[in-house]
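Asks: here is my input; please provide its structure:
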Amino acid sequence: MLPIKINNAKFFVKKNISILEACKYVGITIPRFCYHETLSVAGNCRMCLVEVENNPKPISSCTRPVEKNMSIFVDTPLVKKARENVLETLLLNHPLDCPICDQGGECDLQDQTKSFGGDYSRFFFNKRGVEDKNCGPLIKTIMTRCIHCTRCVRFGTEIAGVDFFGTLNRGTSTEIGSYSPKFFTSEISGNVIDLCPVGALTAKPYAFKARPWELKVNESIDITDSTGSNIYINFKETEILRVLPKHNSEINESLISDKTRFSYDSIKTQRLHKLFQKTLMSFEKSNWPTILEKLNRLLVQNSATPILFLINEELDVESITILNFLQNTYPNSIKVKVIDKSNHISQNSFISWTTNKLVDIKNNIKYCFLFSSNLRLESAILNAKIRTKSISETFEVFSFGQTFKSNFPLKFVNLNLNTILKFLEGKSTFATFLLRAPFPLVLLGATLTKRIPKHVNLSTLFKKINPTTLILDIKSSANTEFFSLLNIQALNSMDFNPDTPIVALNLEDNITLRKVLSTTKNVIWFNTHGSQIAKKSTILVPVLTAFETENLYMNFEQRPQKTLKTLNGIGDSRDIKTILHAMYFEKIHSKPYVSSFSFLAELINNPEKFKEIANKLSNSNTLASKYTTSLTLVSLYPVKSLYENFYQTNIFTKNSKVMSECAQNLRKTNFNFKNDVV
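Replies: Model prediction:
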């Protein structure tokens, strides 16, 4: 610790930090534009000037490190006059369009001009104009407002891995733009909107919708992938207007993906509003008493044929717990199956919650082994963390599987599934390399866990090779990890026949589902959105989205989190767990019903316990699972990523107009030379 003085008050601060950071740690705020905690230091806005004893001129506090017995002054007349002159310079060419700017009311330039600026300007020439840039369907640009802080330039180069923005020209002709006309092809490009301190970069879907003081704020989590990013939802009356990141140092820090930020418009696109039941010619509207009576007759009283509940891994914890309880209690009348081909034996169930978390990536890890996963598409936030570590430290990443375009250096090892299994048995050169690596990081893609044999426990195999391995099993959906813990099985052809009533819970319309439902007579469609296959159903039941109800989910590091209700439901839509309680009230309450989500709710209300408590859901029998044998030769083809289109991965994002436009632009856009390196 170093002794320093700030405004003649003595403090002890850490070594190797800047004056700005030292002032921040002791509670003194220094204005800034170019400085940001997650980016490198540029020192070009000069707003953070301070006075240091024995220095003839003010110095920038973001670039000057602290020294022993340094005496710093942050509010002297010299400093105040310097800040006033800096702001006068920044406002020379800045347009006076605050009344129509989407940044108005939460603009750093407005706030600092009010606090530190003067009341007049000595500039009487015409202001300079700059041509706006086309960044795609997400980011709106008005480059005349730009103050050249270069935050967007550094974000693209250091975090997003796309050199889209750059500084062009010199002197009074300086401007921020792209070197060639193209789109900002990054999965986290929307974060430059939060970084921009003025209104140069704003959200295009949010343009001219509302003022920040008109918006209400609610907290929630992202369920478009298995990361569980924390978010703020800004809404006005009955409409969500934007989604912003909530800082969580253990998960997403201050980043969210574009899919999280802009897919909220799907709430009002192709939504099911009313209850429908099929007649001879078409569908007619119905009401809840009639539908519940018909569901009771078809599903509850009909004991001759077992009821098949088809679900996906985006179903919330409480709903799947209810269905699992009904299946275990009444196995002859109720079956619950997942529509995809996932291996639902938990790969991480024996690992304590005190290790194998996202925050462990910051530890002293030198090697990363990536199996069958394109992180850019499956977990954009985790990909940003890996990229930041790879360009700032000595960190090597090996990817096993089919090649893909990456935004950080990768060494590809094109292996098929059989060779990967031999690698896990220790029969490979890379297995020796993994054995010798200290605290290696292993990232398992969703494709690998879907195609691996059911009796193979990947985590056990990696721990057998190297007990210090840190394992992150990247899941395909928001609640896949909880499905694995409950051991929900996948659907097979023996589970149903044409007379089996099928309840489709929030399923995506795809080829697999169409094959399953093509020969079925009675289909009850529970969903937030309509689709072509829904027309073949006998009953259509609208359900709530994650923005309209409070639900519990578990991300891929087994961290329980919940969404909070932001909007009221549309029309006759109800929550799935509420409908299940209404349908099977007597069966649920006739026997002791012990819910596993009550323990998870306790962790949510007391998040500090997540760092200390052991995994109560663990199953020690998984340690005794069999390993690979000669019978596991299942594929000669290389394993590849689960997704090819980042913007449309589930039913919610596929019904978003903004995400559809992004997917169209992505197909038209050629990647620049950095992204073409494989």
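Asks: tell me the centre residue of the chain?
Replies: If you average the C-alpha coordinates of the chain and look for the closest C-alpha using CA atoms, centre = their mean, you land on S229, 4.6 Å from that point.
Asks: so what's the nearest residue to A160 once chain neighbours are set aside up against?
Replies: Ranked by CB to CB, 6 or more residues apart in numbering and with sequence neighbours excluded, the top spatial neighbour of A160 is S186, at 4.2 Å. C-beta: built from backbone N, CA, C; applies to glycine. Contacts for S186 were tallied using CB atoms under 8 Å, 6 or more residues apart in numbering; they are 156, 160-162, 164, 258, 407.
Asks: what would these look like in CSV with distance to N54 and secondary structure?
Replies: Written out in CSV, the entries for the contacts of S186 read as follows (distance: CB to CB, whole Å; DSSP: H, G, I helix; E, B strand; the rest coil):
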residue, distance to N54, secondary structure
G156, 39, helix
A160, 42, helix
G161, 43, coil
V162, 44, coil
F164, 43, coil
D258, 49, helix
N407, 46, coil
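Asks: can you say which of the residues you listed are buried?
Replies: When burial is judged by neighbour count using 16 or more other CB atoms under 10 Å, the buried members of the contacts of S186 are 156, 160-162, 164, 258, 407.
Asks: which among those residues gets closest to I240?
Replies: Proximity to I240 was ranked across those by CB to CB; first place goes to D258, at 15.9 Å.
Asks: and the gap between the closest one and P245?
Replies: Computed with CB to CB, to the nearest Å, the distance linking D258 and P245 is 12 Å.
Asks: then A22?
Replies: Spatial separation of A22 from P245 under the definition CB to CB is 27 Å.
Asks: please, which helix or strand holds the nearest residue to I471 once chain neighbours are set aside?
Replies: Nearest residue to I471 in three dimensions, chain neighbours excluded: V442, at 4.9 Å (CB to CB, 6+ apart). Per DSSP states H and E: V442 is located in strand 441-444.
Asks: mind listing what that strand pairs with, with the direction of each?
Replies: According to DSSP bridges, strand 441-444 forms sheet pairs with strand 367-371 (parallel), strand 470-473 (parallel).
Asks: among those, which is nearest I251?
Replies: Minimum separation from I251 across the strands paired with strand 441-444 (CB to CB) falls at strand 470-473, 12.2 Å.
Asks: tell me the first helix or strand C-terminal of the closest one.
Replies: In the C-terminal direction, the helix or strand that comes right after strand 470-473 (DSSP H and E) is helix 480-486.
Asks: picking up where we left off before, can I assume the residue nearest to the centre of the chain is in contact with E250?
Replies: No. In this structure S229 lies outside contact range of E250 using CB atoms under 8 Å: 11.2 Å.
Asks: for the nearest residue to L552 once chain neighbours are set aside, the count of nearby residues, please.
Replies: Spatial nearest neighbour of L552, excluding adjacent residues (CB to CB, 6+ apart): V317 at 4.0 Å. Here the count is done by other CB atoms under 10 Å, and V317 has 24 residues near it.
Asks: confirm for me that V317 is in contact with N555.
Replies: No. V317 is not in contact with N555 according to CB under 8 Å; the separation is 11.6 Å.
Asks: hey, which helix or strand in this protein has the poorest pLDDT?
Replies: When the helices and strands of the chain are scored by mean pLDDT, DSSP states H and E, helix 597-605 comes last with a mean of 69.
Asks: could you point out which element follows that helix?
Replies: Scanning forward in sequence from helix 597-605 by DSSP H and E, the next helix or strand is helix 651-654.
Asks: how close does the closest residue to T76 other than its chain neighbours get to D572?
Replies: What sits nearest to T76 in space, not counting adjacent residues and going by CB to CB, 6+ apart, is E51, at 5.2 Å. Spatial separation of E51 from D572 under the definition CB to CB is 66 Å.
Asks: and if you look at T545?
Replies: Taking CB to CB, one finds T545 at 14 Å from D572.
Asks: out of the two, which sits in the more crowded spot?
Replies: When T545 is set against D572 and neighbours are counted by other CB under 10 Å, the residue ahead is T545, at 22 against 19.
Asks: just grab the bridge partners of the nearest residue to N506 once chain neighbours are set aside for me.
Replies: Spatial nearest neighbour of N506, chain neighbours left out: N527 (5.5 Å); criterion: CB to CB, 6+ apart. Counting by DSSP bridges, N527 forms beta bridges with P542.
Asks: N522 contacts T538, correct?
Replies: Yes. When contacts are counted by CB under 8 Å, N522 is listed as touching T538 (5.5 Å).
Asks: what's near enough to touch the residue nearest to L552?
Replies: Per CB under 8 Å, 6+ apart, neighbours of V317: 479, 482, 551-554, 560, 596-597, 600.
Asks: any chance of those residues in JSON lines, with neighbour count and distance to S656 too?
Replies: Listed next are those as JSON lines, based on neighbours: other CB atoms under 10 Å; distance: CB to CB, whole Å:
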{"residue": "N479", "neighbour count": "24", "distance to S656": "20"}
{"residue": "F482", "neighbour count": "27", "distance to S656": "25"}
{"residue": "N551", "neighbour count": "27", "distance to S656": "20"}
{"residue": "L552", "neighbour count": "22", "distance to S656": "24"}
{"residue": "Y553", "neighbour count": "26", "distance to S656": "20"}
{"residue": "M554", "neighbour count": "26", "distance to S656": "24"}
{"residue": "P560", "neighbour count": "22", "distance to S656": "27"}
{"residue": "S596", "neighbour count": "18", "distance to S656": "32"}
{"residue": "F597", "neighbour count": "22", "distance to S656": "29"}
{"residue": "L600", "neighbour count": "24", "distance to S656": "29"}
